[in-house]
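> What follows is a predicted protein model with its sequence.
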Amino acid sequence: MNMDTLKYLIEYFDLKDFIANNHPLRLLGIFITMMVLLVLAHIVCSIIEKKIIKLTSSGKTDESKQGDEDDSPKNLSRIDTVLFAKVMHSARLLLYLLIFGWTLDQLVIGPIYHTTINVLFTCLCTLGAVRFVSAFIPFYFDFYFRGHGKTLKKTQTRSLMPIIQGLIWAIGLTFLLDNVGLHVSTIIAGLGIVGVAVGLAGQAILSDFFSYIVILLDKPFQVGDFLELSDGKSGSVEYIGPKTTRLLSLDGDTIVCANASLTRGILVNMGNIREREVILEIGVAYATPMPVVRKLPEYLMEVVNSFPQCRYERACMLKFGSANYLFQLIYKVSPQPGGLNAFMEAQSNVNLAIQEMLNNRKIAGAYPTETILLNNVTPPPTPPEHKQEKQEQDKNQHGEKKTAAA
């Protein structure tokens with residue numbers, strides 16, 4: 001529809017002909033029906049919204065949880081009220097548009113006016129439907145993750161939402177332009193040429209961006225995981241962006257990595273292990289009584305089992321060391337909310353408890369020892385040449401003594 005068509009519609013609109021085809025009582029009936037439908041739609045949507053929030057909440061809404069970091073499943077409501085309100089608002093607007101469309105369809109008007117109204121109604125409904133879908137997709141993903149004890153904000157899928165919503169709006173606008181009468185194929189071809197030029201100019205940026213998409217879809221790691229890179233650097237994931245991923249090292253330094261290098265290289269992810277195994281070697285002095293040595297595995301089992309997050313595997317006398325009996329202890333640590341830091345803290349607590357147990361039972365640990373045995377050892381015999389020299393020295397000394405006496 002161009003400007004000439006719109007000018008024609010305004011100039012040649014015949015009010016008398018419109019009233020003749022649509023009796024005032026009929027218009028009043030259509031108007032009253034439209035208002036009743038609008039009120040009913042508003043009431044029904046409000047009731048449904050309140051009922052769903054009441055049924056899916058766990059007594060703790062998202063607004064009351066601001067500042068609360070406890071995201072355990074028992075404290076999570078089944079839906080995010082903010083996202084659900086956006087979905088219901090979009091659905092309500094779309095329902096109002098359908099009621100208006102039905103109302104306009106009841107009027108008796110000329111074919112050109114009917115076509116114009118259909119085009120405008122199609123445009124408005126397309127925009128309303130796109131808005132509803134773009135609001136419903138984040139709500140659906142958040143609802144799915146809350147069923148597994150998480151939220152959309154705590155997952156990597158949140159980074160995909162702008163891309164998905166952009167694709168939805170692009171498809172909706174393409175459909176809208178096609179209904180308006182524009183040549184969409186020409187626009188798409190022009191955008192394709194521009195895309196090729198941009199791709200050739202920014203290959204590195206596009207490579208990192210597509211690697212970012214791969215990371216979000218494949219999920220080799222997520223925010224909070226501790227990574228060890230192929231070049232030896234390591235740190236916990238703080239941020240995953242379209243171009244780079246940032247790690248925080250144990251020294252407090254920020255490591256910025258290109259996404260393409262992360263997808264090409266070898267990564268060791270220490271953040272998604274269900275159980276971490278600890279292998280510990282303990283040395284006991286040879287002077288320890290044998291009954292105590294035999295019971296040492298039982299003592300170690302008691303220490304490990306005293307920690308609820310640890311699971312004892314085995315302990316055995318591994319080998320004879322240079323100065324001690326060398327025992328090997330193996331136990332596993334279950335995953336904790338703190339990740340690697342919680343694992344290191346649990347391992348430290350177990351080590352301290354083992355040392356405390358050894359001290360309480362007066363079991364000497366490993367220390368280097370050296371024993372020297374001294375017996376009545378005679379000096380080694382004097383070699384013959386040294387013996388002759390000694391005899392000549394003795395003779396000379398005896399001769400000097402005689403001369404001195406004379």
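Yes, it's here.
> any idea how far Leu216 is from Gly166?
14 Å (C-beta to C-beta, to the nearest Å). (C-beta placed from N, C-alpha, C; glycine too.)
> the more surrounded of the two?
Using other C-beta atoms under 10 Å, the more surrounded residue of Gly166 and Leu216 is Leu216, with 18 against 11.
> phi, psi of that one?
Taking degrees, to the nearest 10, you get phi -70, psi -40 for the backbone angles of Leu216.
> what's near enough to touch it?
When contacts are counted by C-beta atoms under 8 Å, 6 or more residues apart in numbering, Leu216 touches 156-157, 159-160, 240.
> cool, Val333 as well?
275-276, 278, 309-311, 343, 346-347.
> The same query, at a cut-off of 6 Å, please.
Contacts for Val333 (C-beta atoms under 6 Å, 6 or more residues apart in numbering) come out as 276, 309-310, 343, 346.
> on that earlier part again, a markdown table for the contacts of Leu216, including distance to Ala287?
Output for the contacts of Leu216, formatted as a markdown table (distance: C-beta to C-beta, whole Å):
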| residue | distance to Ala287 |
| --- | --- |
| Gln156 | 57 |
| Thr157 | 61 |
| Ser159 | 62 |
| Leu160 | 64 |
| Ile240 | 56 |
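> What subset of those residues is buried?
The neighbour-count test (16 or more other C-beta atoms under 10 Å) marks 157, 159-160, 240 as buried among the contacts of Leu216.
> Narrow those residues to those in helices?
Among the buried ones among the contacts of Leu216, no member falls in helices (DSSP state H).
> From the residues you listed, which land in strands?
Ile240 (DSSP state E).
> from the buried ones among the contacts of Leu216, which is closest to Val87?
Proximity of the buried ones among the contacts of Leu216 to Val87 (C-beta to C-beta) peaks at Thr157, which lies at 17.2 Å.
> Would you check how far apart the closest one and Ala258 are?
22 Å.
> swap in Tyr212?
Applying C-beta to C-beta to Tyr212 and Ala258 gives a distance of 10 Å.
> More neighbours: those two, which one.
Tyr212 (24 against 17).
> Got phi/psi on the more buried one?
Dihedral angles (degrees, to the nearest 10) for Tyr212: phi -60, psi -40.
> again, but for Ser236
phi -90, psi 140.
> Write down the beta-bridge partners of it, one by one.
Phe226, Leu248 (DSSP bridges).
> Burial check on it, number of neighbours?
Neighbour count for Ser236, taken as other C-beta under 10 Å: 21.
> hang on, it packs against Phe226?
Yes: the pair Ser236 and Phe226 passes the contact test of C-beta atoms under 6 Å, sitting 4.9 Å apart.
> how about the helices in the stretch 251-400 of the chain?
259-264, 290-305, 340-360, 384-405 (DSSP state H, counting those that start in this stretch).
> Show me where the stretch 1-150 of the chain has its helices.
Counting by DSSP H, counting those that start in this stretch, the helices of the stretch 1-150 of the chain are 3-11, 15-21, 24-56, 81-105, 111-146.
> Can you list the low-confidence ranges for the stretch 51-200 of the chain?
Across the stretch 51-200 of the chain, residues meeting the criterion (pLDDT under 70) sit at 57-76, 110-114, 156, 179-200.
> hmm, try it at 80
By pLDDT under 80, the low-scoring segments of the stretch 51-200 of the chain are 53-80, 104-119, 145, 147-163, 175-200.
> Pull the number of nearby residues for Ser77.
19.
> Lys54 versus Phe84, what's the distance?
Between Phe84 and Lys54 the computed distance is 12 Å (C-beta to C-beta).
> ok, the two, which is more surrounded?
Taking other C-beta under 10 Å, Phe84 and Lys54 do not tie; Phe84 has more neighbours (22 against 8).
> Not counting sequence-adjacent ones, nearest residue to the more buried one?
Phe139 (6.0 Å; C-beta to C-beta, 6 or more residues apart in numbering).
> Can you give me every residue that contacts the one you found?
So Phe139 contacts 83-84, 87 (C-beta under 6 Å, 6+ apart).
> Can you add distance to Pro335 and give the contacts of Val333 back as TSV?
Output for those, formatted as TSV (distance: C-beta to C-beta, whole Å):
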residue	distance to Pro335
Arg276	8
Gln309	9
Cys310	12
Phe343	8
Ala346	11
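> out of those residues, which one sits closest to Asp253?
Looking across those and measuring by C-beta to C-beta, the closest to Asp253 is Phe343, at 21.4 Å.
> my guess is that closest one meets Glu277, correct?
No: using C-beta under 6 Å, Phe343 is not in contact with Glu277; the gap is 10.6 Å.
> Of those two, which one has the most company?
Between Phe343 and Glu277, counted using other C-beta under 10 Å, Phe343 has the larger neighbour count: 21 against 11.
> Let's see the pLDDT reported for that one.
We have a pLDDT of 82 for Phe343.
> Which helix or strand contains the spatially most central residue of the chain?
When C-alpha atoms, centre = their mean is applied to the chain, the residue found nearest the centroid is Gln222 (2.7 Å). For Gln222, there is no host helix or strand (DSSP states H and E).
> Could you check how far it is from Tyr239?
11 Å.
> ok, now Ile32?
In terms of C-beta to C-beta, Ile32 sits 57 Å off from Tyr239.
> Looking at those two, which is more packed in?
Tyr239 (13 against 10).
> Quick check: buried residues in the helix or strand where Leu177 lies?
Per DSSP H and E, Leu177 falls inside helix 161-180. For helix 161-180, the neighbour count (16+ other C-beta under 10 Å) marks 165, 168, 172, 175-176 as buried.
> Would you mind giving those as JSON lines with distance to Trp102 added?
Shown next, in JSON lines, are the buried residues of helix 161-180 (distance: C-beta to C-beta, whole Å):
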{"residue": "Gln165", "distance to Trp102": "29"}
{"residue": "Ile168", "distance to Trp102": "26"}
{"residue": "Gly172", "distance to Trp102": "22"}
{"residue": "Phe175", "distance to Trp102": "22"}
{"residue": "Leu176", "distance to Trp102": "21"}
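> Relative to Gly265, which of these is nearest.
Gln165 (31.4 Å).
> Now do the contacts for the closest one.
Neighbours of Gln165 in contact, by C-beta under 6 Å, 6+ apart: Ser134.
> Distance check, it against Glu281.
Computed as C-beta to C-beta, the Gln165 to Glu281 distance reads 55 Å.
> same thing with Val256?
For Val256, the distance to Glu281 - C-beta to C-beta - is 38 Å.
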